[in-house]
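Asker: Here is a sequence together with a model predicted from it:
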Amino acid sequence: MSTEIEIKQELSKISDQVKEHAEKAIAEAKKGIAMAEGQKERVDELLVKQGELNAQVQELLQKAARRGGSDENQPRTAGEKFIASEAFKRVNESGGRLQRGENVRVDVKAITSLGSSGGTLIAPDRQQGIIALPQRPPTVRDLIAPGRTASNLIQYFRETVFTNNAAPVAEGTRKPESNLQFDQQDAKVIKLAHFIKATTEILADAPGLQSMIDQRLRYGLDFVEDLQLLKGSGTGNNLNGMYTQATAYAAPIAVAGATRIDVLRLAFLQAELALFPADGAVIHPSDWAAIELTKDTQGRYIIGDPRGQIGATLWGRRIVTSMAMDVDTFLAGNFRQAAQIFDREDANVVVSTENENDFVENRVTILAEERLALAVYRPQSLIRGDLTPGAA
């Protein structure tokens, strides 16, 4: 069965021949020479063939329109595969003659009583893209000062004691002595990593799938990084998180019947009294929703208008919602001065078949990893605690 391309090529050849005969006939007519009978018959044959080919092209176009695409993308029967095979074309070009012992063979998948034996007899209407699972947006990194390192260990000195004895002194008397003490801190670079297995075929046949896998693997790193930056235990191969090292909340002033909003304001005050004016807080989304739903005695919302758009801020400080925080808990303070991230290796994705089993089984290992350290310089600038009385 001829394809649309082959028919159009043949049609183009015939059109050129018709044009050639027409030009020749016009030239001879100008000289008073009549068209020869044989030439006229040849032109008639070409015109008939041209009409037949035009009809075939229109038929192919209509079939493609009904099927939603070109014939090349549609399933073909065994007979169609036989006619389109190179073996059949060779025999057809030789006039249909076979040498002794010669045969024409075309492999066609057997069709049995099994539902899938005939392949895809009805082409699926495949939608573009992949419906991914929901992702929790990581946000904690945005609060912290960035940094880079080429080492596997960050060392810094943290001031632990400052006794300020500065005072007025009389002429000739001994000046008072103040006291400063420091403690060396080590922040090790840790590795976050995970991998998945995939077949080489699925990555070759669906390039979009590989980019989706890369994105999901990187998201997995971000998810765990969020937890480590906040609540890493500092033991084993864990970061020493900010919440873990933060100062416990102690209300600087008494406020009767304190609400969530009051508690956060008092935490900001506690950080400010430690000489670190707060720049934000991290709370669970449920707690922020409870704050937004707080009403006054007349039923009016305290935080903005439900019909409008408001940013997550309180008293000019940014409020970050993260499910890495437990409900009814908070971390507030001056994050920029409190801590710094040191990236040793940015998140990267590597595809490998170095494993012997992967190579012989046509599988690949897709690995995502990153290396980073967290230095918490000033734990007293971070305040942690419960948002509501009796919270766990």
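Answerer: On my side now, so go ahead.
Asker: Do a quick rundown of the strands in the protein.
Answerer: Using DSSP state E, the strands of the chain run over 153-163, 179-188, 190-199, 247-248, 280-283, 313-314, 317-321, 329-333, 339-352, 363-376, 382-386.
Asker: tell me which residues of stretch 298-314 are tucked away?
Answerer: The neighbour-count check on stretch 298-314 (16 or more other C-beta atoms under 10 Å) flags 303, 312, 314 as buried. (C-beta placed from N, C-alpha, C; glycine too.)
Asker: measure residue 23 to residue 41 for me?
Answerer: Distance, residue 23 to residue 41, by C-beta to C-beta, to the nearest Å: 18 Å.
Asker: Quickly compare the strands of the chain and say which is most buried.
Answerer: Ranked by mean neighbour count, the strands of the chain are led by strand 329-333 with a mean of 27 (mean count of other C-beta atoms under 10 Å).
Asker: and that strand, what other elements does it pack with?
Answerer: Other helices and strands packing on strand 329-333, by 3 or more C-beta pairs under 8 Å, 6 or more residues apart in numbering; DSSP states H and E, are helix 260-273, strand 280-283, strand 382-386.
Asker: what are the C-alpha coordinates of that strand, in CSV please?
Answerer: Taking Å, rounded to 0.1, in the frame of the first residue of the first chain, the C-alpha atoms of strand 329-333 are listed here in CSV:
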residue,chain,number,x,y,z
THR,A,329,4.4,25.3,68.1
PHE,A,330,6.4,28.2,66.7
LEU,A,331,10.0,29.3,66.0
ALA,A,332,10.5,33.1,65.9
GLY,A,333,13.4,35.4,65.9
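Asker: Now do it against strand 317-321, angle only.
Answerer: 150 degrees (axes from the mean of the first three to the mean of the last three C-alpha atoms, to 10 degrees).
Asker: For residue 148, which non-adjacent residue is closest in space?
Answerer: In this structure, residue 148 finds its nearest non-sequential neighbour in residue 343, 5.3 Å apart by C-beta to C-beta, 6 or more residues apart in numbering.
Asker: helices and strands of this protein: which one has the lowest mean pLDDT?
Answerer: Every helix and strand in the chain was compared by mean pLDDT, DSSP states H and E; the lowest is helix 78-84, with a mean of 58.
Asker: one step back: tell me the one among the buried residues of stretch 298-314 nearest to residue 264.
Answerer: Checking the buried residues of stretch 298-314 against residue 264 by C-beta to C-beta gives residue 314 as the nearest, at 5.9 Å.
Asker: wait, isn't that closest one in contact with residue 264?
Answerer: Yes: contact criterion C-beta atoms under 8 Å: residue 314 and residue 264 qualify, at 5.9 Å.
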